[in-house]
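J.: need a 3D model of the sequence below.
(chains A, B and C)
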Amino acid sequence: MMTPDADNKANIQSTHSSSVAGVGSRITELFFNKIHEKWRSIVVAIPFIWLLVFFLAPFFIVFKISIAESLIASPPFSSLFDWTEEGVITVRVIFDSFLYLVEDELYLDTYLTSIRISSISTLICLLLGYPIAYAIIKSPDTTRHILLLMVILPFWTSFLLRVYAWMGLLADQGTINDLLIWLGIIDKPIRLLYSHFAVYVGIVYTYIPFMILPLYANMEKLDMTLHEAAADLGAKPMSTFFTVTLPLTLPGIIAGSLLVFIPATGEYVIPDLLGGGNVSMIGKVLYNEFNANHDWPVASAVAIALLLALVVPMMIYQHVQSKEGVS
Amino acid sequence: MKKQRSTFLFSVLCFGMAFLYIPMVMLVIYSFNYSKIVPVWGGFSTRWYAKLFESEEVWNALTLSLQIAVINATFATLLGTMAGLALVRFGRFRGRTIFSGMISAPLVMPEVITGLSLLMFFIALQQLVGWPEKRGMTTITIAHITFSLAYVAVIIQSRLSGMSQSLEEAAQDLGAKPFRVMFDITLPLLTPGMMAGWLLAFTLSLDDLVIASFVKGPGSDTLPILIYSRVRLGLRPDINALATIIIATVAVGVLIAGWIMIRQYKKQKADQQMAAS
Amino acid sequence: MTIFGFGWEIMTNETNYQDRQWLDPDAEPFIQLRGVTKQFGSFTAVKGVDLDIYKGELFSLLGGSGCGKTTLLRMLAGFETPTSGTIYIDGMAMNDVPPYERPVNMMFQSYALFPHMTVESNVAYGLKRDGVKKSEIAERVDAMLSMVELSDFAKRKPHQLSGGQRQRVALARALVKRPKVLLLDEPLVALDKRLREQTQFELMNIQDKLGVTFIVVTHDQEEAMTLSTRIAVMDQGQFMQIGTPTEIYEYPETKLIANFIGSVNMFEGRVVSNDDDHMLVDSVETACRFELGAVAKAEKGAKLWVAVRPEKISMSTTAPQSVGTNQIKGTVHDIGYLGNMSIYRIQLDQNGSSEGGSLVEVTVPNQVRPKDGKHAIDWDDEVYLSWHPESSVALFR
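T.: Numbers count the residues shown, from 1 in each chain, chains lettered A, B, ... in the order given. Next comes the predicted model:
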């Protein structure tokens, strides 16, 4: 007869012998048991710290520099914190850079031009992109996938080269001028490149996929029988569009518009390559202020000003996205 | 009435696609132009391709860009997947609002701001701790990871929220601890999303000009920086050749992807038939 | 004795689930819920419920969507923790036990089969997590697959299976760990009607063989009636009635329950007299006197409803020979022909006229074929309805 103790031992042995099977799997199991307490915090912490250091901290530095004094030195700005003899930190805040921005008409002009160009471009993208997205949705299945792929495809090729392509089309001796002369519409080349027109074309061309894709995603979720229901209830196509389709695609319209408007406002490459010296946008001014004039405080102040202009649209975008995410 | 509307849609579609593709087609055509002046046709030639391949500068820039893109894509996928998991599957944790804000902000942040702030940061850091000693590949890669990880996180987030949580619950129910569940269930099912994220991060990095030109150092020109410095001064036939190669590569990649997708679709159909029988 | 080498005791007929343990005051409940409440924000999904479930039962939680049945099941599985109250399984408090350490397994509504694993690996998954020996895993998985008749499909992936096969894989995966309790979330909802009936009986057989306690969540009353030893009917986070299928159907406690399960005719009335063995009720609406089995608590003059199921009513075109209780007269208003039976809607005479009276439902088995499309009792026929005093129930709320 077994004592309870012996019985216990036998049990332990039997479980032990069964666990010998596959030492390797046993070790991984042990690893999983060990890490199971802490892993969630690790998974959160790594990207969190990365973004804190490389995304958030840099903004504070830009902010700090924007309120520093510009100096001819390296780095070309004054230190914000000075150690006094008592060991107390005194903070000197100089709003010179911001005052400079407000006083100089050039900056205010650029600021307004940027917003105007990006708003108009966004509107053109919407007017063009909406029917395209709608047409894609309405196409038969296979065609739809191909068309969608065709909209995404340019995104995978170089942005820079797509802007460059328009330099060739719009140049004085470029394809468009050649075509117009050949057709007899004009007899000598007209100025297309290095103009506002060129910048509009460039922005619409490069950013229109960002309008079409959110619209498409939004329309895809749309129940097409709603149109039939509206028609059944006596709505004409036009009124169906304004009373059913448009309100339901509003989230897509907002998301797409912001995805075009926000980056277009800070655009640098397009005004530089297609606008030349004739179009000045805020992103370009920032780059030049920084690169050519080496005035870091002013560049930083421009960055902060640009950010302020975009904070509201960014917040709206976040809000729309999070609402979309829930539904 | 209905017919009219669809002709309208059809013409918009044709115009849209022409608008998207004609500039690229012209770019390709002129790459085979003999003439040095891009828009003036001087006969068919491949001499600009030869010139392109001879240029050591181009090769160096390409190698650097590819290196950065691969490292960036790998790290961004890792970090972005972590971030996506944290946001969708971990419920509430401290700092979640800031975290989700920091994930979505880089998506809409103008590049000039990101670039400038990262440069200021690297300079400040150098003064403070002496690192990074000089800017170049490392700083560009860090900058790229920072914005690419946000894109990956968004992809992972949408995949995860579309994935039923009952699979993970089933694994737990069968005795798997949460960490084990992640390796056995969540990550295998996320693989397509992670692959898409990797590709996206890779492309974003290859495509970036503005941020890289802020945080680059002397002698660390990536391919876009090189292209930019050349085209700023006007049209260059060798750049057309380069553009053609890039477009061709992307086109081939898309064709392969399409072929794989069709094959998978067919296999799925076959499986469904098998299940029905 | 064991079957398929599983180590489960076969339940013999003397001790099978029909042994009504819940009536035995000495029986130890296997699962106990004590004051279990679950709140999601301001919404209370489950409101302080108490429940005892005994070993080997096939217990159903029945209710509409949002009644709290799924939340209750998820609390048993460990995916939700009760806001207050305690759940005991086999005498152990479960509140702090995570799902992966509970002696219960769940069959998910969507089956939740791992799409990237074969049928075999799906079933083996739980055993691997427990660190069972490889040879034993293979043995147990094989036995399980042969029990659910899927041995030929072991190497297939879930998407290569039909709905019914997937359901069986899910069942095998949950049972292979020999859980003390199997939780089933709407186990048959994804199957078509024919397969559902067949699977119902398979489930019962398996449960009978293995003796595992099953807790089934369902919104389908027919399913609950066929499967269960007992049913708990839930509404708004509370149990409305707990009982055997017969109890719930034949002796509903409230009008709500009577209406929820099957159809019922209800007549409002007041108690005229209440003797030891029978009670008399007068109904103003039907101008009729009802006789029922005695109800202890009913006092004279108390308001109540007399409930009669449609199939308990007999219908005839000839007038009864003597005037008695439980007799009403009406006209055939509607006939629903279902093949095996017909549903008649009879409009009652009101104040001598057949206009505007309330409708009574009567079901009649079609023992004789309708001739030339005409039923034995047809539209607009005058009919006399009657039922046995023991066939009706008095309801007070």
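J.: use CA for all of it now, contacts and neighbours both
T.: Will do.
J.: let me see the mean pLDDT of the longest helix along chain A.
T.: When chain A is parsed with DSSP state H, its longest helix is helix A:105-138. The pLDDT scores in helix A:105-138 average 91.
J.: so which bits of it are buried?
T.: Residues of helix A:105-138 classed as buried: A:107, A:110-111, A:113-115, A:117-119, A:121-122, A:124-126, A:128-138 (neighbour count, 16 or more other C-alpha atoms under 10 Å in any protein chain shown).
J.: what pLDDT, on average, does stretch A:264-282 get?
T.: Per-residue pLDDT over stretch A:264-282 has a mean of 89.
J.: tell me how far the longest helix of chain A lies from the chain's centre.
T.: 15 Å (C-alpha atoms, centre = their mean, to the nearest Å).
J.: that helix near chain B at all?
T.: Yes: part of helix A:105-138 sits near chain B under the criterion C-alpha under 8 Å from any C-alpha of the partner chain, namely A:128, A:131, A:132, A:134, A:135, A:136.
J.: what about the strands in the stretch 201-350 of chain C?
T.: C:213-218, C:230-235, C:238-243, C:265-274, C:278-283, C:288-293, C:303-308, C:314-316, C:327-337, C:341-348 (DSSP state E, counting those that start in this stretch).
J.: mean pLDDT, mean neighbour count and distance to chain A added to these, as JSON lines?
T.: As requested, those are exported to JSON lines (pLDDT from 0 to 100; neighbours: other C-alpha atoms under 10 Å in any protein chain shown; distance: least, C-alpha to the nearest C-alpha, whole Å):
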{"stretch": "strand C:213-218", "mean pLDDT": "94", "mean neighbour count": "25", "distance to chain A": "26"}
{"stretch": "strand C:230-235", "mean pLDDT": "94", "mean neighbour count": "24", "distance to chain A": "27"}
{"stretch": "strand C:238-243", "mean pLDDT": "93", "mean neighbour count": "19", "distance to chain A": "29"}
{"stretch": "strand C:265-274", "mean pLDDT": "88", "mean neighbour count": "20", "distance to chain A": "39"}
{"stretch": "strand C:278-283", "mean pLDDT": "85", "mean neighbour count": "21", "distance to chain A": "48"}
{"stretch": "strand C:288-293", "mean pLDDT": "84", "mean neighbour count": "21", "distance to chain A": "50"}
{"stretch": "strand C:303-308", "mean pLDDT": "90", "mean neighbour count": "22", "distance to chain A": "43"}
{"stretch": "strand C:314-316", "mean pLDDT": "90", "mean neighbour count": "17", "distance to chain A": "46"}
{"stretch": "strand C:327-337", "mean pLDDT": "89", "mean neighbour count": "19", "distance to chain A": "32"}
{"stretch": "strand C:341-348", "mean pLDDT": "90", "mean neighbour count": "21", "distance to chain A": "35"}
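J.: mind putting the ones you listed into a markdown table with distance to residue C:142?
T.: What follows is the strands of the stretch 201-350 of chain C, written out as a markdown table (distance: least, C-alpha to C-alpha, whole Å):
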| stretch | distance to residue C:142 |
| --- | --- |
| strand C:213-218 | 23 |
| strand C:230-235 | 33 |
| strand C:238-243 | 38 |
| strand C:265-274 | 52 |
| strand C:278-283 | 60 |
| strand C:288-293 | 56 |
| strand C:303-308 | 51 |
| strand C:314-316 | 54 |
| strand C:327-337 | 48 |
| strand C:341-348 | 45 |
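J.: looking at these, which is nearest to chain B?
T.: strand C:213-218 (15.1 Å; C-alpha to the nearest C-alpha).
J.: which residues touch the closest one?
T.: C:54-63, C:69-70, C:73, C:180-187, C:207, C:224 (C-alpha atoms under 8 Å, 6 or more residues apart in numbering or on different chains).
J.: show me the shaky parts of the chain.
T.: The chain I'm using is chain A. A:1-26, A:29-37, A:69-97, A:101-102, A:323-327 (pLDDT under 70).
J.: the intended chain is chain C.
T.: Looking at chain C by pLDDT under 70, you get C:1-19, C:294-296, C:350-356.
J.: what does it put close to chain A?
T.: Checking chain C against chain A by C-alpha under 8 Å from any C-alpha, the hits are C:131, C:132, C:133, C:134.
J.: name the SS class of the second one, please.
T.: Right, the one you point to is residue C:132. coil (DSSP: H, G, I helix; E, B strand; the rest coil).
J.: neighbours of it, how many?
T.: Residues near residue C:132, counting by other C-alpha atoms under 10 Å in any protein chain shown, number 17.
J.: what's it sitting at in phi/psi?
T.: phi -70, psi 150 (degrees, to the nearest 10).
J.: next: residue B:89.
T.: Per degrees, to the nearest 10, the backbone of residue B:89 is at phi -110, psi -10.
J.: check contacts around it.
T.: With C-alpha under 8 Å, 6+ apart, residue B:89 has no contacts at all.
J.: how far away is it from residue B:184?
T.: According to C-alpha to C-alpha, to the nearest Å, residue B:89 stands 15 Å off from residue B:184.
J.: what's the longest helix of chain A packed up against?
T.: Contacts defined by 3 or more C-alpha pairs under 8 Å, 6 or more residues apart in numbering or on different chains; DSSP states H and E place helix A:105-138 against helix A:96-103, helix A:141-156, helix A:196-220, helix A:246-265, helix A:282-291, helix B:2-31.
J.: and the angle for that helix with helix A:246-265?
T.: Orientation of helix A:105-138 against helix A:246-265 (axes from the mean of the first three to the mean of the last three C-alpha atoms, to 10 degrees) gives an angle of 140 degrees.
J.: which residues of the stretch 51-200 of chain B score low on pLDDT?
T.: Answering for the stretch 51-200 of chain B: no residues sit below the bar, that is pLDDT under 70.
J.: now do the helices in it.
T.: B:56-89, B:96-108, B:111-129, B:137-162, B:166-173, B:178-181, B:187-207 (DSSP state H, counting those that start in this stretch).
J.: now do the stretch 151-300 of chain C
T.: C:163-175, C:193-210, C:221-227, C:245-250, C:255-260.
J.: can you list contacts of the last one?
T.: Counting contacts by C-alpha under 8 Å, 6+ apart, the residues outside helix C:255-260 that touch it are C:233, C:240, C:241, C:248, C:249, C:252, C:264, C:307, C:395, C:396, C:397.
J.: again with stretch B:106-117
T.: By C-alpha under 8 Å, 6+ apart, stretch B:106-117 touches A:55, A:58-59, A:61-62, A:259, A:262-263, A:265-268, A:283, A:286-287, A:300, A:303, A:307, A:314, B:143, B:146-147, B:150-151, B:210-215.
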